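>>> I would like the atomic coordinates for the input below:
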Amino acid sequence: MEVRIEHVLGVEEAVRRLLATATAHDIRIEQNSDGVSGRLEKSAGFLGSVRAEYVLSADHVSITVLEAPAVIPAETVRRMIADELTGMFA
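Below is the predicted model of the structure:
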């Protein structure tokens, strides 16, 4: 599943906001050496974790979900990611 969110922040500001939000929301980030892509993981409590890869560009961020708890419907995971990212990159 892929989620794409458009933004007008540019790459540097998008990276800054992603890292700040990760810290504030207990999301583990592993940046790749390019600084604009990597993996993230968010715990869903006793249900498990959501693991995804991200790529930031000057005008959008793409999140590809690699793993999510089976008991959470895919559309719910998509909506949660989209809601969080839209607020972060607004």
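>>> burial measure for Val50, as a count.
The local packing of Val50 (other CB atoms under 10 Å) involves 21 other residues. Using the backbone N, CA and C atoms, a C-beta is placed for each residue, glycine as well.
>>> oh, I was asking about His7
Using other CB under 10 Å as the criterion, the residues surrounding His7 number 19.
>>> ok, now Thr23?
10.
>>> now Ala52
Residues near Ala52, counting by other CB under 10 Å, number 23.
>>> just Ala58 next, same as before
Counted with other CB under 10 Å, the burial measure for Ala58 works out to 13 neighbours.
>>> The spatially most central residue of the chain and Val50: what is the separation?
With distances taken as CA atoms, centre = their mean, the chain has Ile63 as the residue nearest its mean C-alpha position (5.5 Å). Here the criterion is CB to CB, to the nearest Å. By it, Ile63 lies 10 Å from Val50.
>>> List the residues that are in contact with both of the two.
Listed contacts common to Ile63 and Val50 are Ile81; contacts here mean CB atoms under 8 Å, 6 or more residues apart in numbering.
>>> For Ala22, what are phi and psi?
Ala22 adopts backbone torsions of phi -60, psi -50, taken as degrees, to the nearest 10.
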